[in-house]
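Participant: Any chance you could fold what I've pasted below:
(chains A and B)
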There are 2 protein chains.
Amino acid sequence: MWSTMQDSGSWTPKRARAAFRDGLDVPTSGLAPGHTQVNVLTVPREYAYDVLLFAQRNPVPCPVLEVTDPGSWRSVLAPGADLRTDLPGYLLWEEGQVSAKLPNATAVWREDLVTFLIGCSFSFETLLHDAGVPLRHVEQGTAVPMFLTNRPCNPAGRMHGPMVVSMRPIPARLVSKAVQVSGMMPAVHGAPVQIGDPEALGIRDLGRPDFGDPVEMRDGDVPVFWGCGVTTQAALMAVKPPFAISHIPGRMFITDVRDTEYRIA
Amino acid sequence: MWSTMQDSGSWTPKRARAAFRDGLDVPTSGLAPGHTQVNVLTVPREYAYDVLLFAQRNPVPCPVLEVTDPGSWRSVLAPGADLRTDLPGYLLWEEGQVSAKLPNATAVWREDLVTFLIGCSFSFETLLHDAGVPLRHVEQGTAVPMFLTNRPCNPAGRMHGPMVVSMRPIPARLVSKAVQVSGMMPAVHGAPVQIGDPEALGIRDLGRPDFGDPVEMRDGDVPVFWGCGVTTQAALMAVKPPFAISHIPGRMFITDVRDTEYRIA
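Facilitator: The predicted model follows:
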């Protein structure tokens, strides 16, 4: 496994997807750098309008980059990929709870399933790095920490739930830069939703994230919060639909699209 | 009517909507300046998923700013407004053709109707003007010219059709400025889709727009083309759904939202 991972930083998206298809199960941050990674949510067609409308009404945490046709496991963002097998792993959701963690979704696939590919803040991490903004979770080799907040999303049909945010500690003098760089990518969460006040978001302990791993803050770091696509999983917990499939937080679907495609200037 | 129109440039959105409710039927360009105007498309719930997905797959011509719940004529973008009465006029569509032009939609309203409010390029016109970019159609007191193009939209379910563009003649030295200013507003069509080559879009005669009015180009002007929400009406023509209601091109719904809300930087 080590020899496999050693050179994974230079993998193409296709090579990474093939490794996942063959069973590799690792966080995807830093893999195939510069290529857009996405959150994945698969629901029955009967729920698709509510999910799409929920995303439209909550575009900051839930920016939709692609919606498949019912039954299709193909993605226009990654020609040749198979959405049933090419992620590191899958969560099977039943009645709002994770009923299984699966290496692939082939056995549970259905003809009525619609898959939503939702933007991920990893897309601006390369640009943050290039702008000289350090990424603590990458330095520390951990998954970005994510938190449930006290901010309700705008409901849509049966869909509702709290906004989830990702948190990155940013040196105070670079917070402005981080806002500007991420703000140029509104299709992948855009600018932060809040800076510097976790309590106001209902986050009591930055050391205990609801998803991902804790990250060590350095002296002078300010906690900066961005909308997060795991908001869709918080909605599954709240709404308790009979059936859904999702990615595992931090283990995303890697597309062939360059992050810079989503940069507007 | 003249005394009514004389001071309309200083109307609030609420005042303009009240005038339309009382029967005024005029183009809305330049009314309640600085407030977001939107395209309106109302369809039965049974078509709503296809329309929303069509918009998601064609975000440049069809940026969705709001979707109502079935039967509702209220808009969160204009509290107190009535979507059935507060536009200058309405087109009733049956089987892909305009079967009636109506002063209001009250008599044809149904409990299963879902209304889409779609961004309009008028939103960046104030900013273009402030940046010193002349707007020929405003100077000439005409509706912006709009054209069917040879570019097919990405289909979604039953929805398909060609992209419609609006065209503004821009002095060559200001084209770059116009791109930058509009590019900062991706939620209201964003940067131009094409600059300077109408033939490549399948437009044979700039003097004969498919919607709106012809505009006189001045020496040194370059034709600049932006995505246009009337794309949804071109889709109605192509798809021929049994029933739909829309605004009249150039006669938009005026919301209470400031255009600057949609400016990302």
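
Participant: and the residue of the stretch 1-150 of chain A found nearest chain B, what is it in contact with?
Facilitator: Relative to chain B, the nearest point of the stretch 1-150 of chain A is A:Y49 (4.2 Å; C-beta to the nearest C-beta). C-beta: built from backbone N, CA, C; applies to glycine. By C-beta atoms under 8 Å, 6 or more residues apart in numbering or on different chains, the contact set of A:Y49 is A:G157, B:A48, B:Y49, B:L52.

Participant: Buried subset of these, written for PyMOL?
Facilitator: The following PyMOL line selects those of the contacts of A:Y49 that are buried, judged by 16 or more other C-beta atoms under 10 Å in any protein chain shown:
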select buried, chain B and resi 48+49+52
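
Participant: Can you list which of the contacts of A:Y49 are found in helices?
Facilitator: Secondary structure from DSSP state H places B:A48, B:Y49, B:L52 of the contacts of A:Y49 in helices.

Participant: Give me the pLDDT value at the residue lying closest to the last one once chain neighbours are set aside.
Facilitator: By that I understand B:L52. Counting by C-beta to C-beta, 6 or more residues apart in numbering or on different chains, B:L52 lies nearest to A:L52, which is 5.3 Å off, once chain neighbours are set aside. A:L52 carries a pLDDT value of 98.

Participant: Next: A:G30.
Facilitator: Listed pLDDT for A:G30 reads 83.

Participant: cool, the one 10 residues further on as well?
Facilitator: The per-residue pLDDT reported for A:V40 equals 98.

Participant: Counting by contacts, list what the helix or strand where it lies packs against.
Facilitator: Element membership for A:V40, per DSSP states H and E: strand A:35-44. For strand A:35-44, the contact count by 3 or more C-beta pairs under 8 Å, 6 or more residues apart in numbering or on different chains; DSSP states H and E identifies strand A:64-67, strand A:113-119, helix A:122-130, helix A:231-239, strand A:244-247, strand A:253-258 as packing neighbours.

Participant: Off-centre distance for it?
Facilitator: Distance of strand A:35-44 from its chain centroid, counting by C-alpha atoms, centre = their mean, to the nearest Å, is 8 Å.

Participant: for stretch A:86-102, same thing?
Facilitator: Centroid displacement of stretch A:86-102 relative to its chain, using C-alpha atoms, centre = their mean, is 15 Å.

Participant: How about it, which residues are buried there?
Facilitator: Here stretch A:86-102 shows A:D86, A:L87, A:P88, A:G89, A:Y90, A:L91, A:L92, A:W93, A:G96, A:L102 as buried, counting by 16+ other C-beta under 10 Å.

Participant: State the pair within those residues that is farthest apart.
Facilitator: By the measure C-beta to C-beta, A:D86 and A:G96 form the most distant pair in the buried residues of stretch A:86-102, at 26.0 Å.

Participant: Was I right to think A:A178 contacts A:L127?
Facilitator: No - A:A178 is beyond contact range of A:L127, at 9.8 Å (criterion: C-beta atoms under 8 Å).

Participant: the more surrounded of the two?
Facilitator: Set A:A178 next to A:L127 and count neighbours by other C-beta atoms under 10 Å in any protein chain shown: A:A178 wins out with 24 against 19.

Participant: follow-up on the earlier one: which one among the ones in helices among the contacts of A:Y49 gets closest to A:D205?
Facilitator: Nearest to A:D205, judged by C-beta to C-beta, of these is B:L52 at 38.5 Å.

Participant: From B:R110, how far off is the closest one?
Facilitator: Distance of B:L52 to B:R110, given as C-beta to C-beta, to the nearest Å: 18 Å.

Participant: Below-threshold pLDDT in chain A: ranges please.
Facilitator: Counting by pLDDT under 70, chain A contains low-confidence residues at A:1-9.

Participant: Kindly recompute the last result at 90.
Facilitator: Scanning chain A for pLDDT under 90 picks out A:1-10, A:27, A:29-30, A:33, A:126, A:138, A:141-143, A:187, A:264-265.

Participant: domain parsing for it?
Facilitator: A:2-119+A:240-262, A:122-231 (automatic domain parsing).
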